[in-house]
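Test case, fold it:
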Amino acid sequence: MYLIDTYISTPDKPSMGGAEKQLYLLASSLNQEEFRPIVVQLSSDNSLPSTTSNLSNLEILHLPTQRLYGLNGFRQTVRLLLLAKKRRVDIIHTFFEKSEVMGWLTARLAGIPIWITSRRDLGFKRKRIYDRIFRLTVNDCKKCVANCNAIKDQIFEQNGLERETMDVIYNGLDLAGYQELLDSESLRRDLGLENGTPLVGMIANFNFEIKGHVYFLGAAKKILEKVHNVKFVLVGDGILRPRYEEVARELRIEKSVYFLGKRTDVPTIISNLDVSVLSSTNEGFSNVIMESMAAGKPVVATNVGGSKEMVTDGVTGYLVPPADSQSMANAIINLLQNPDKAVTMGSAGRKVVQEKFTLEAMVKSYERLYKSLVAKCNDNR
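Numbering: from 1, shown residues only. This next block holds a predicted model:
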């Protein structure tokens, strides 16, 4: 049983976040002869169907939970407990804070032997209360899975988990969408640009300042002083978008920056870019970096979180200090002025993804983990 605070849909939906994409890919790709996954969404959105639904043969339930510490939270926890008993769940695997607490309670009260939790970022949104609760429940946690070593190290320092209780399983990417020949000029046509116009882009939501859009725009201003015909695209939406549109106007670069909003054709957009950028000041393991490398594009990323576990500086792209528009601009200019180098770096990045970050590798790692924990529990009975 997978528990997630939000909700999942197919990866082609523009509203899908990184953790939601990964959960969908994992749960829908498990060996059906050995595993029976159930996904329970705890999103407070009451508009989602509450009855059982199927998505790519994946069973999904919705238990809308508002306040965890209230009557609604109590009722939904009881429903979760009854569901887990009825389905004879062996493993509860939780994503995010609300799920972590409700999953622990359900495992405890239903006698479920295995509770696994996941950490997908460096905790910039995580409230301290949840860390205090986790320190009280940590002995019941059979595994804490991080999606990069940077997160694993932070968990070790902050939560006091034993290293043997922590595993790193990298995100996986379905390479099918990047193996087909995509139109690498379609975005330029849509924007009314000439073929070959240099395009630099970033794909990130506008919900949090940690995505560093202001530094990307600052770098764009500096790049335009050296490469006059370059254009910039920002894919994503959120409450901060109007602010950054105003920043573009204040910098007088609004005619060179395109805010594209949410898009479902991310592989095609990436295939149109000359350079893919990540400007975050706080990051876990970026799916966008992975996708850009799979598309054969050089990456300029801030050296935060798990970025250095994907990008090899000077080989598959460049790592730059966070909150440093000048360093970011210098790296991007270098790639724009040396297209052969950019192509070589992009090809090297594609090879890395094919070797280390495939969907198949991720799913196999989780299957081995699940089976090993079940076998250990059986041995201890």
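
From now on I want contacts and neighbour counts done on CA atoms only, so please keep to that.
Fine.

what's stretch 295-304 in contact with?
178, 267, 270-271, 273-284, 289, 292-293, 307, 311, 316-322, 328, 331-332, 342-343, 345-350 (Cα atoms under 8 Å, 6 or more residues apart in numbering).

Least confident secondary structure element in the chain?
Across the helices and strands of the chain, mean confidence by mean pLDDT, DSSP states H and E is lowest for strand 53-55: a mean of 61.

tell me the mean pLDDT over the helix or strand following it?
Proceeding C-terminally, strand 53-55 gives way to strand 58-62 as the next helix or strand, assigned by DSSP states H and E. Taken as a whole, strand 58-62 has a mean pLDDT of 88.

What of stretch 101-116?
pLDDT averaged over stretch 101-116 gives 93.

Flag every buried residue along the lengthiest helix in the chain.
If you go by DSSP state H, the chain has its longest helix at helix 359-380. By neighbour count with 16 or more other Cα atoms under 10 Å, helix 359-380 contains the buried residues L359, E360, A361, M362, V363, K364, L369, Y370, L373.

again with stretch 209-226
Buried, per 16+ other Cα under 10 Å, within stretch 209-226: 210-224.

Touching the longest helix of the chain from outside, list them.
25-26, 29-30, 90-91, 113-114, 142, 169-175.

And it, how far out from the chain middle?
Centroid separation for helix 359-380 versus its chain: 22 Å, with Cα atoms, centre = their mean, to the nearest Å.

those helices in the stretch 201-350 of the chain, which residues are they?
With DSSP state H, counting those that start in this stretch as the criterion, the stretch 201-350 of the chain has helices at 213-224, 241-250, 266-272, 287-294, 325-337, 339-356.

for the third one, packing partners?
This points to helix 266-272. Contact here means 3 or more Cα pairs under 8 Å, 6 or more residues apart in numbering; DSSP states H and E; on that basis helix 266-272 packs against helix 186-190, helix 287-294.

Now do it, average pLDDT.
Helix 266-272 comes out at a mean pLDDT of 92.

what do you get for the first one?
Along helix 213-224, the predicted confidence averages to a pLDDT of 98.

Tell me which other helices or strands it touches.
Using 3+ Cα pairs under 8 Å, 6+ apart, helix 213-224 sits against helix 241-250, helix 325-337.

got it, and the second one?
Secondary-structure packing of helix 241-250 (3+ Cα pairs under 8 Å, 6+ apart): helix 213-224.

The helix it packs on vs helix 241-250, what angle?
30 degrees (axes from the mean of the first three to the mean of the last three Cα atoms, to 10 degrees).

export helix 213-224 as PDB, just CAs?
In PDB, the C-alpha atoms belonging to helix 213-224 read as follows (Å, rounded to 0.1, in the frame of the first residue of the first chain):
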ATOM      1  CA  HIS A 213      13.900  32.000 -11.200                       C
ATOM      2  CA  VAL A 214      15.200  35.400 -10.200                       C
ATOM      3  CA  TYR A 215      18.800  34.100 -10.700                       C
ATOM      4  CA  PHE A 216      17.900  32.600 -14.100                       C
ATOM      5  CA  LEU A 217      16.400  35.900 -15.200                       C
ATOM      6  CA  GLY A 218      19.500  37.800 -13.900                       C
ATOM      7  CA  ALA A 219      21.700  35.400 -15.900                       C
ATOM      8  CA  ALA A 220      19.500  36.000 -19.000                       C
ATOM      9  CA  LYS A 221      20.200  39.700 -18.700                       C
ATOM     10  CA  LYS A 222      23.900  39.100 -18.700                       C
ATOM     11  CA  ILE A 223      23.800  36.600 -21.500                       C
ATOM     12  CA  LEU A 224      22.000  39.000 -23.800                       C
END
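
The chain should start at 57 in everything you say after this.
Shifting the count to begin at 57 puts that one at helix 269-280.

rewinding a little: using ChimeraX, define a selection of the buried residues within the contacts of stretch 351-360.
To isolate the buried subset of those in ChimeraX, counting by 16+ other Cα under 10 Å, use the following:
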select :234,323,326,327,329,330,331,332,333,334,335,336,337,338,339,340,345,348,349,363,367,372,373,374,375,376,377,378,384,387,388,398,399,401,402,403,404,405,406
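
about what we covered before: which of the contacts of helix 415-436 has the largest number of neighbours?
N227 (27 neighbours; other Cα atoms under 10 Å).

and the nearest residue to L280 once chain neighbours are set aside, what does it touch?
Distances taken as Cα to Cα, 6 or more residues apart in numbering place V286 nearest to L280, at 6.7 Å, with adjacent residues excluded. Neighbouring residues of V286 by Cα under 8 Å, 6+ apart: T253, P254, L255, V256, L280, S312.
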